[in-house]
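In: okay, here's the prediction I keep looking at, along with the sequence it came from:
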Amino acid sequence: MPMVLSNLEYFEEVELDFRMIESVSQTFADEIFRVWSKTHPKVRLIPVNMNENVRFMVSRAGGTTN
């Protein structure tokens, strides 16, 4: 589990800020937005400040890209 997810299960909404992040791997995005989200359905992950590369990977993993 990526360290970024540590203790997030205690929140209802979590904003993940991707400012200054140029890219993420499909594995990273999948672990957060598919695997972790599936096991923590009460937590809403809200990715923000994504560039096109990050938005593409988050979208492929099933994350919201609004």
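Out: That came in fine, so what should we check first?

In: where exactly do the strands run in this protein?
Out: Remark: strands assigned in the chain by DSSP state E are 13-17, 44-48.

In: name the stretch among the ones you listed that sits most buried.
Out: Among the strands of the chain, strand 44-48 has the highest mean neighbour count (mean count of other C-beta atoms under 10 Å), at a mean of 15. In this view, the C-beta of every residue, glycine as well, is placed from N, C-alpha and C.

In: picking that back up, adding distance to Thr27, write the strands of the chain out as a markdown table.
Out: As requested, these are exported to a markdown table (distance: least, C-beta to C-beta, whole Å):
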| stretch | distance to Thr27 |
| --- | --- |
| strand 13-17 | 16 |
| strand 44-48 | 16 |
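
In: can I assume Ala61 is in contact with Gln26?
Out: Yes - judged on C-beta atoms under 8 Å, Ala61 makes contact with Gln26 at a distance of 7.1 Å.

In: just put the strands of the chain in JSON lines and tack on mean pLDDT.
Out: Output for the strands of the chain, formatted as JSON lines (pLDDT from 0 to 100):
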{"stretch": "strand 13-17", "mean pLDDT": "95"}
{"stretch": "strand 44-48", "mean pLDDT": "95"}
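
In: neighbour-wise, which of Ala61 and Gln26 wins?
Out: Higher neighbour count among Ala61 and Gln26: Ala61, with 19 against 11, using other C-beta atoms under 10 Å.
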